[in-house]
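> need a 3D model of the following:
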Amino acid sequence: MSTLTGHGYGPARATTPSSRGAGTPMSTAQTRAAVRRRVRLASGLGEVALLATLWIAYSVSRLVADDNLVTAQSRATELLRVERYLHLDFESWLNHALTPIMDIAVPMSFWYASLHYVVTPAVLAYAFFRQRAHYPRARNALVIGSAIGLVCYMLLPTAPPRLMPGGHYLDALAQTARFGWWTNQASAPAGLGHITNELAAMPSLHVGWTVWVAWAIWRHTNLVGRVIACAYVAGTTLVVIATGNHWVLDAVAGAVVVTAGIVITGRLELRANQSARAGT
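Numbers count the residues shown, from 1 in each chain. So this is what the prediction gives:
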């Protein structure tokens, strides 16, 4: 009751945020989430476009490589001479031991013609979505290692065992073509054999990419995952040799060029981190 007017006052009403004020934080959170989704989508599409461009350049570059089979066979003969000196020339024995057995040759052909193109992109996608901090280096290591391999294809075209004269090596994919989409022109689908370079044997990026896969998931998996990764490397090495598509030293070289990509990106990342710390 006021002593001056005699009017009474009711109890003060508790102040509450206005409906607009209450809705503002939620609206802001939704906006930020939408922006993050758009940024991630744009980033993902950019990565797909980049990798697609690199793949097209890779395919086109293979087409302009020297396709002189005689020269490539001569280079393969020299490679085989080195293997014999090192006692690594077991391609013919392994090839003739496994390729005539259809129950083994067919799975090997599927392995050679598909896993190379399925597992690597799957691991790359896993790194992009689940290990974003490590993705740039993983992608760059794969690109650099593949680029080194591409340069080797262009400068040193080498015939695979299956294209050597004398019939000493069997072509597993050609013998099992009726079971799959491939032909007698490596793993190219029927009708697309003309776009593949069959003299791209040295180095074996089939093997190189498996080394990259094992490295990319090594720190992010448990013992079982690491065992599977190592088995994938060993299995692919066995397959590329047994099917008559690569020499032993091709497999070694494939592992080396991708390892070089991993080491180079590691050095670049270290320098970038040191520069960032120095700048702060």
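> next, the buried residues of the helix or strand harbouring residue 260.
When secondary structure is defined by DSSP states H and E, residue 260 falls within helix 248-279. Neighbour counts over helix 248-279 (16 or more other CB atoms under 10 Å) mark 248-262, 265 as buried. For glycine as for every other residue, the C-beta is placed from the backbone atoms N, C-alpha and C.
> so which elements touch that helix?
helix 69-86, helix 135-155, helix 205-218, helix 223-242 (3 or more CB pairs under 8 Å, 6 or more residues apart in numbering; DSSP states H and E).
> got the buried residues for stretch 231-239?
232-233, 236-237, 239.
> and the average pLDDT for that stretch is what?
Averaged across stretch 231-239, the pLDDT comes to 97.
> extract the C-alpha trace of it and format it as PDB.
The C-alpha trace of stretch 231-239 is given here as PDB (Å, rounded to 0.1, in the frame of the first residue of the first chain):
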ATOM      1  CA  ALA A 231      47.400 -59.800 -45.000                       C
ATOM      2  CA  TYR A 232      46.000 -57.500 -47.600                       C
ATOM      3  CA  VAL A 233      49.400 -56.400 -48.600                       C
ATOM      4  CA  ALA A 234      50.800 -59.900 -48.700                       C
ATOM      5  CA  GLY A 235      47.700 -61.300 -50.600                       C
ATOM      6  CA  THR A 236      47.800 -58.600 -53.200                       C
ATOM      7  CA  THR A 237      51.600 -59.200 -53.700                       C
ATOM      8  CA  LEU A 238      50.900 -62.900 -54.200                       C
ATOM      9  CA  VAL A 239      48.000 -62.200 -56.600                       C
END
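> would a markdown table of the buried residues of stretch 231-239 with distance to residue 157 be doable?
Formatted as a markdown table, those follow (distance: CB to CB, whole Å):
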| residue | distance to residue 157 |
| --- | --- |
| 232 | 28 |
| 233 | 25 |
| 236 | 22 |
| 237 | 22 |
| 239 | 22 |
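> quick one: which of those is nearest residue 75?
For those, the closest approach to residue 75 (CB to CB) belongs to residue 237, at 21.1 Å.
> quick one: contacts of stretch 118-133?
Contacts with stretch 118-133, where a contact means CB atoms under 8 Å, 6 or more residues apart in numbering, come from 44, 47, 51, 134-135, 138-139, 142, 209-210, 212-213, 216-217, 220, 232.
> got the buried residues for stretch 70-83?
72-73, 75-76, 79-80, 83.
> could you give the backbone dihedrals for residue 170?
phi -100, psi 150 (degrees, to the nearest 10).
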